[in-house]
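Peer 1: mind looking at a prediction? Sequence and model below.
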Amino acid sequence: MIAFIKRTMANPQVPTWHARFLAMLPAIRRTAQISFRKIRPELRNELTQEVIANCLVAYARLVKLGKEDLAFPSALARFAIAQTRVGPPRRKQSQDPRYHVELRAASKGV
């Protein structure tokens, strides 16, 4: 008979700022979706998720520095969108030349 290992989950502590970030999440997501509206849907979803992840990291850093009062959803989203558009390629799709053309066209509002 195979015995399964019982793993006890330690009660992970959720950071106190987590709820405040979640309150900003709809505005961040909306800003990203509007910004990437001219990009094909599957790439748009991936870019939106990258923007959200970037915002979370930036927000956590602001909290760590004691500057949480400077964190506004629109500013976090705009900064993350700019980083996503010009940042280094991190995704498999970024190796596809169509990816760069599509992002450039969306940036110019074509």
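Peer 2: That came in fine, so what should we check first? Numbering: from 1, shown residues only.
Peer 1: ok, residue 21 - how many residues close by?
Peer 2: Per other CB atoms under 10 Å, the neighbour tally for residue 21 reads 20. Heads up, the C-betas are built off the backbone N, CA and C, glycines and all.
Peer 1: so it sits right up against residue 56, yeah?
Peer 2: Yes: the criterion here is CB atoms under 8 Å, and residue 21 meets it with residue 56 at 6.3 Å.
Peer 1: using CSV, write down the CA coordinates of the helix or strand encompassing residue 81.
Peer 2: If you go by DSSP states H and E, residue 81 is part of helix 73-86. Extracted C-alpha coordinates of helix 73-86, given in CSV (Å, rounded to 0.1, in the frame of the first residue of the first chain):
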residue,chain,number,x,y,z
PRO,A,73,-4.1,52.8,-10.1
SER,A,74,-3.8,55.0,-13.1
ALA,A,75,-0.1,55.9,-12.5
LEU,A,76,0.8,52.3,-11.7
ALA,A,77,-1.0,51.1,-14.8
ARG,A,78,0.5,53.7,-17.2
PHE,A,79,4.0,52.9,-15.9
ALA,A,80,3.5,49.2,-16.2
ILE,A,81,2.1,49.6,-19.7
ALA,A,82,5.1,51.6,-20.8
GLN,A,83,7.4,49.0,-19.4
THR,A,84,5.5,46.2,-21.1
ARG,A,85,5.6,47.9,-24.4
VAL,A,86,9.4,48.7,-24.4
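Peer 1: identify the residues contacting it?
Peer 2: 24, 27-28, 31-32, 35-36, 47, 50-52, 54-55, 58-59, 103, 107 (CB atoms under 8 Å, 6 or more residues apart in numbering).
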